[in-house]
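Chemist: below is the sequence, then the predicted model.
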Amino acid sequence: MELHEYTQYDAVGLAGLVARGEVTAAELAGAALAAMAAVNPRINAVVESWPAEDAPVPGSTPLAGVPFLIKDLAVSMRGKRVESGSRLAAGTVAGQDSFLMRRFRRAGLVTLGRTATPEFAYSTTTEPVLYGATRNPWDLARTPGGSSGGSAAAVAAGITPLAHATDAAGSIRVPAASTGLFGLKPTRGRISLGPDADEVFNGLAVHGGLSRTVRDSAALLDLIQGPETGDPYFAERPRRPYGEEITRDPGRLRVGLVTTAWSGRAVEPAVREAALATGRLLESLGHRVDVAVVDLGVGWEEFVLANARLWSVNLVRWIDGFAGATGRPVDESTVEPEMLASYAWGRGVSGAEFVDALDVRNRVARSVGACFDARDVVLTPTLPEVPVALGTYGRGAEGADGLGWLEHLFHRSPFTAAFNVAGTPAMSVPLACDPATGLPVGVQFAAGYGREDVLFRLAAQLEQAAPWAGRRPAVWAGAARGV
């Protein structure tokens, strides 16, 4: 299969070819590996690859036979390395499939490699020391976002049509916005994190995926959602498959427009205009759009402090665990400076302060959740700026402690983390481009707890009204020739 043929299909389209016998899963895997060879040396998105191990039954699921990639964090594939982007964990091999990996296999996905992540997913750029910076296919001098930057760059460049991602403060939506993809963060409790964890970052982190089309993300979530034995809680099962939801009219939605960040950070004019233009598009589609104020329930400084406490205490456990397993020291030879600072700060968080942080999580969840009593959807910019140049993300945070690093991370992405703390679903939709640079600009939508159905119906309507499928980055596997 030629690469220009392979890359013209989304995942559901490729699975359809397999189901009809027009191509085999093995042939698709070969095309994906050829695409990887063609573009990965330029973008550094995939840190390890391997031949196909699974042979799904054609037509057994909407994604059977589709090439796939997993993020180097929070998902385990038996016999494969899982290093969390850290020199401390380098060479760590998974002894079993995680629950999610089992679901990927049952979904018929053919996993061919793992993608880059910043160290311990503790950043919204993907520039780890372990494997080096991942580059944005739209502009190789810029970040693809993070922490799922490797998955985003791979999908945007056409290596695979969709890939695994995680999100604890925007790590699906930020790279989606940075690389022109669709990315939906599911509701807390929608996808199991087991068996090695019941929660990650105390409920802030979730699994999901990144794709070029809405229907691919809908199909993926249909196949991986639902509880596993031992999960502490789970979201109510959807009323109908998300693959069906995208065929339904969203109705007339009440949309709250927010263009001012809770932090007060300025938003670039082109990004603000993208949000405003989206509001006008929604009105033209029959939705009611009003300027809204979403109350976090706490002040911004208290919000950041609580997140820093939750993140850093969890980081301490991760780092100590990897150090114990590998016998390596915890110092500058194994851990990056920002993580060492966060580790040291986290060791100083008391039990009472940790419980206070959980109380903030509760207050934010109640307050943000209540905003959906009066509206169906909240619309914001995904990011306040276009993707920044590689090597510049940490400017202004040199020498920061753990709290200072979280403040900087949230300064870079002030619109996304609230919906992680609240546990509600949110998505970034690639509806605009920056006129000055041509870089993609994402717009974020959030809905009430468990209401991915609302988001998928709206996303499908927007994809039809303002299609983005024809946009291609500078680095695109379909421009190469392959077999």
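Modeler: The structure has been received and is ready for your questions. Residues are numbered from 1 along each chain as shown.
Chemist: so what's the residue nearest to the spatial centre of the chain up against?
Modeler: With the centre of the chain defined as its mean C-alpha position, the nearest residue by C-alpha atoms, centre = their mean is Ile172, 1.5 Å away. With contacts defined as C-beta atoms under 8 Å, 6 or more residues apart in numbering, the neighbours of Ile172 are 148, 165-166, 183-185, 208-210, 428. Glycine gets a C-beta too; all of them are placed from N, C-alpha and C.
Chemist: out of those, who's the most crowded?
Modeler: Looking at those with neighbours defined as other C-beta atoms under 10 Å, the largest count falls to Ser148 at 37 neighbours.
Chemist: does that residue touch Gly209 like I think?
Modeler: No: under the criterion of C-beta atoms under 8 Å, Ser148 lies out of contact with Gly209, with a separation of 9.0 Å.
Chemist: overlap in contacts, these two.
Modeler: With the criterion set as C-beta under 8 Å, 6+ apart, the overlap between the contacts of Ser148 and Gly209 is 163, 165, 172, 183.
Chemist: how about the helices in the stretch 251-400 of the chain?
Modeler: When assigned using DSSP state H, counting those that start in this stretch, the helices of the stretch 251-400 of the chain occupy the ranges 269-284, 300-326, 337-347, 351-370.
Chemist: which one of these lies nearest to Ala422?
Modeler: Comparison of the helices of the stretch 251-400 of the chain against Ala422 by C-beta to C-beta identifies helix 351-370 as nearest, at 3.8 Å.
Chemist: other residues contacting stretch 16-35?
Modeler: Stretch 16-35 has contacts (C-beta under 8 Å, 6+ apart) with 1, 3, 6-7, 9, 14, 49, 51-52, 55-56, 58-59, 64-67, 110, 112, 157-160, 477, 480, 482-483.
Chemist: picking up where we left off before, and the furthest pair within the contacts of Ile172?
Modeler: The largest separation in the contacts of Ile172, counting by C-beta to C-beta, is between Thr166 and Ser428 at 14.5 Å.
Chemist: related to what we said a few turns ago, and of the helices of the stretch 251-400 of the chain, who's closest to Gly391?
Modeler: Taking C-beta to C-beta as the criterion, helix 337-347 is the member of the helices of the stretch 251-400 of the chain that comes nearest to Gly391, at 14.2 Å.
Chemist: in that closest one, what's buried?
Modeler: Residues of helix 337-347 classed as buried by neighbour count (16 or more other C-beta atoms under 10 Å): 338-343, 345-346.
Chemist: emit the PyMOL select command for whichever of the contacts of stretch 16-35 are buried.
Modeler: With 16+ other C-beta under 10 Å as the criterion, this PyMOL line picks the buried residues out of those:
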select buried, resi 1+3+6+7+9+14+49+52+56+58+64+65+66+67+110+112+157+158+159+160+477+480+482
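Chemist: so where is the stretch 151-300 of the chain shaky, pLDDT-wise?
Modeler: Of all residues in the stretch 151-300 of the chain, none has pLDDT under 70.
Chemist: what segments of it are strands?
Modeler: Using DSSP state E, counting those that start in this stretch, the strands found in the stretch 151-300 of the chain span residues 162-167, 182-185, 206-211, 254-257, 288-291.
Chemist: may I see those organised as JSON lines, with distance to Asp453 added?
Modeler: Putting the strands of the stretch 151-300 of the chain into JSON lines (distance: least, C-beta to C-beta, whole Å) gives the following:
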{"stretch": "strand 162-167", "distance to Asp453": "19"}
{"stretch": "strand 182-185", "distance to Asp453": "11"}
{"stretch": "strand 206-211", "distance to Asp453": "15"}
{"stretch": "strand 254-257", "distance to Asp453": "16"}
{"stretch": "strand 288-291", "distance to Asp453": "19"}
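Chemist: of those, which is nearest Ala422?
Modeler: Sorting these by C-beta to C-beta, the top spot, which is the nearest, belongs to strand 182-185 at 11.0 Å.
Chemist: now for that closest one, which elements pack on it?
Modeler: The criterion is 3 or more C-beta pairs under 8 Å, 6 or more residues apart in numbering; DSSP states H and E, and the helices and strands that strand 182-185 contacts are helix 173-179, strand 206-211, helix 214-224, strand 426-433, helix 452-465.
Chemist: surely Gly85 touches Ser123?
Modeler: No: with contact taken as C-beta under 8 Å, Gly85 and Ser123 are classed as non-touching, separated by 9.3 Å.
Chemist: what distance separates the start and the end of stretch 199-219?
Modeler: Distance between the boundary residues of stretch 199-219 (C-alpha to C-alpha, to the nearest Å) amounts to 24 Å.
Chemist: swap in stretch 231-241?
Modeler: By C-alpha to C-alpha, the extent of stretch 231-241 from end to end equals 22 Å.
Chemist: pull out the buried positions in it.
Modeler: Of the residues in stretch 231-241, those with enough neighbours to count as buried (16+ other C-beta under 10 Å) are 231, 234-235, 238, 241.
Chemist: out of the contacts of Ile172, who's nearest Gly438?
Modeler: Gly438 has its nearest neighbour among the contacts of Ile172 in Ser428, at 18.1 Å by C-beta to C-beta.
Chemist: ok, what's across the strand from that closest one?
Modeler: Gly183, Gln444 (DSSP bridges).
Chemist: so what's it scoring on pLDDT?
Modeler: Model confidence at Ser428, expressed as pLDDT, equals 99.
Chemist: so it makes contact with Thr382?
Modeler: Yes: distance between Ser428 and Thr382: 4.3 Å, which falls inside the contact criterion (C-beta under 8 Å).
Chemist: identify the contacts common to those two.
Modeler: Common contact partners of Ser428 and Thr382 (C-beta under 8 Å, 6+ apart): 173-174, 176-177, 442-444.
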